[in-house]
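1. Mind looking at a prediction? Sequence and model below.
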Amino acid sequence: MVTGYKVSEDGTLQEHEITKDSLDSGEVFCVVDGETKSIFLWKGSQAGIRRKFIGARVATNLRSEYGFHFSVRPLDEGEEPPPFFVALEGEGAKRVKKPGVKTPPKPKKKPKDSTKKKPKKEPEVPSSKPAPPPKKVPEKRTHEKPPTPPPTSSGASTTQTSSQPKEPAPVSKTATRAPNDEIRSMIEQLKEQSPPEGYERELVIIYNELYTVAEKKTSIFGKEKIEHEIEKVKDPPEGTFMAEGFIPRVIVKDGNVLGIELLKGTPDAILSPIKVEMKERLGDLITFFQEEVEEETAKNKKAGGKKGKKKLVAK
């Protein structure tokens, strides 16, 4: 048993004692292993996509508490490597810095004591003799020519202006963004494109914005109705993420890319190839039995015809 962290919906971490049996499919846990210098981000198969994104962001923040030499290793339920289960049975890594505690200030350097003493200047003894008066230097008159002014021709001025480099125009760093009406129309067109059989939408990328698919349940006259709405992710996590377990699909209509979908397989998608194989085998068995029955009936007909014919013997 190891003390790890349970990821909440609001982005906070709760210390939680984690064992192999206590792993819940609807939760996301962080386990810090000091042996492999890893921060395992365990994601349950039934956990929401929002909780998984929050877990990825919080796991990177844990590196500031345990050390930046720790690496974040995302794990899906059912695909855990052996070091993860070894970490559950050991002891968690020790924090380098606790959250909320400021680092102590660096000690100030003390000024070095100057061991060498400066030599004292001896007082100057005034001389009894007065200083001699300065000699007068005769002034020499020189006829200097005034400096010639530089040429002010139009050609020289043009060359000077042309030689100066032009300053580049400032480049705007703001990213281009599509109008809201255009994005809404693209979302409506995406809704018309239903996902393939055995798959469901998890994420949608339109322009430079990220959207997720949320389920909304409504009951009408006692009957429950499930609707899927495409909602924008307000605070996506920073970093680079691999789309593990997802199948990308690009939708192009009238020469325009509507968006990129990340599809996730449902249990029906896993069973569909098994159903196809079973159907083929059943078809082979049916044809085999039909051929056997036809052969048996043909043999019985031949045997019955021989018994019916009797030889007449003259007495």
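-> Alright, I've got the coordinates. Note that the coordinates shown come from a computational prediction; the quantities given were computed from them, not determined experimentally.
2. what residues does stretch 203-222 touch?
-> In this structure, residues lying in contact with stretch 203-222 by Cβ atoms under 8 Å, 6 or more residues apart in numbering are 49-50, 175, 177-178, 183, 186-187, 190, 200-202, 224-233, 236, 246, 258-262. (Glycine included, C-beta is placed from N, CA and C.)
3. if you set the cut-off to 7 Å instead, what comes out?
-> Contact partners of stretch 203-222, identified using Cβ atoms under 7 Å, 6 or more residues apart in numbering, comprise 49-50, 175, 178, 183, 186, 190, 201-202, 224-233, 236, 259-262.
4. among these, which are in helices?
-> Among the contacts of stretch 203-222, the members falling in helices (DSSP state H) are Ile49, Arg50, Ile183, Met186, Leu190.
5. okay, now the closest residue to the third one other than its chain neighbours: neighbour count?
-> When you say that, I think you mean Ile183. Distances taken as Cβ to Cβ, 6 or more residues apart in numbering place Ile206 nearest to Ile183, at 5.9 Å, with adjacent residues excluded. Ile206: 20 surrounding residues under other Cβ atoms under 10 Å.
6. Tell me the backbone dihedrals of Ile206, please.
-> phi -130, psi 120 (degrees, to the nearest 10).
7. what's across from it in the sheet?
-> Bridge pairing for Ile206 (DSSP bridges) gives the partners Glu209.
8. Distance of it relative to Ile260?
-> Distance, Ile206 to Ile260, using Cβ to Cβ, to the nearest Å: 8 Å.
9. which stretches of the stretch 1-150 of the chain aren't confidently modelled?
-> 1, 91-150 (pLDDT under 70).
10. what are the ranges of the helices in it?
-> Here the stretch 1-150 of the chain has its helices, by DSSP state H, counting those that start in this stretch, at 49-61, 63-66, 82-89.
11. Could you list the buried residues of the first one?
-> If I follow you right, that is helix 49-61. Across helix 49-61, burial judged by 16 or more other Cβ atoms under 10 Å covers Ile49, Arg51, Lys52, Phe53, Ile54, Gly55, Ala56, Val58, Ala59, Thr60.
12. now swap in the last one and tell me
-> Within helix 82-89, the residues that count as buried by 16+ other Cβ under 10 Å are Phe84, Ala87, Leu88.
13. cool, the second one as well?
-> Neighbour-count burial for helix 63-66, counted by 16+ other Cβ under 10 Å, picks out Arg63, Glu65, Tyr66.
14. quick one: the strands in the protein?
-> Secondary structure of the chain (DSSP state E): strands located at 2-7, 13-18, 28-33, 38-43, 71-76, 199-206, 209-220, 223-232, 247-253, 256-265.
15. Outline the domain layout of this structure.
-> Domains of the chain are assigned by automatic domain parsing as 2-89, 180-265.
16. distance between the ends of the last one?
-> Using Cα to Cα, to the nearest Å, the end-to-end distance of domain 180-265 comes out at 31 Å.
17. for Ser38, what are its contacts?
-> Ser38 neighbours (Cβ under 7 Å, 6+ apart): Phe70, Ser71, Arg73.
18. For the second one, name its beta-bridge partners.
-> Think Ser71. Ser38.
19. what's the burial count for it?
-> Considering only other Cβ under 10 Å, Ser71 is surrounded by 10 other residues.
20. Also Glu215?
-> Neighbour number of Glu215 under other Cβ under 10 Å is 10.
21. That one and His228: what is the separation?
-> From Glu215 to His228 the distance is 6 Å (Cβ to Cβ).
22. What residues does Glu80 make contact with?
-> The contact partners of Glu80, by Cβ under 7 Å, 6+ apart, come to none.
23. make it 8 Å
-> Here Glu80 is in contact with Trp42 (Cβ under 8 Å, 6+ apart).
24. Specify which member of the contacts of Ser38 is nearest to Glu27.
-> Arg73 (17.5 Å; Cβ to Cβ).
25. Give me the nearest residue to the closest one, chain neighbours excluded.
-> Looking at Arg73 with Cβ to Cβ, 6+ apart, the closest residue is Ser38, at 5.0 Å.
26. Export the ones in helices among the contacts of stretch 203-222 to JSON lines and append columns for distance to Asp284.
-> Shown next, in JSON lines, are the ones in helices among the contacts of stretch 203-222 (distance: Cβ to Cβ, whole Å):
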{"residue": "Ile49", "distance to Asp284": "42"}
{"residue": "Arg50", "distance to Asp284": "47"}
{"residue": "Ile183", "distance to Asp284": "52"}
{"residue": "Met186", "distance to Asp284": "47"}
{"residue": "Leu190", "distance to Asp284": "42"}
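27. Return the closest of those residues with respect to Gly4.
-> Once Cβ to Cβ is applied, the member of the ones in helices among the contacts of stretch 203-222 that ends up nearest Gly4 is Arg50, at 20.3 Å.
28. That closest one contacts Glu9, doesn't it?
-> Yes: at 7.1 Å, Arg50 counts as touching Glu9 under the criterion of Cβ atoms under 8 Å.
29. I appreciate the help and will end here.
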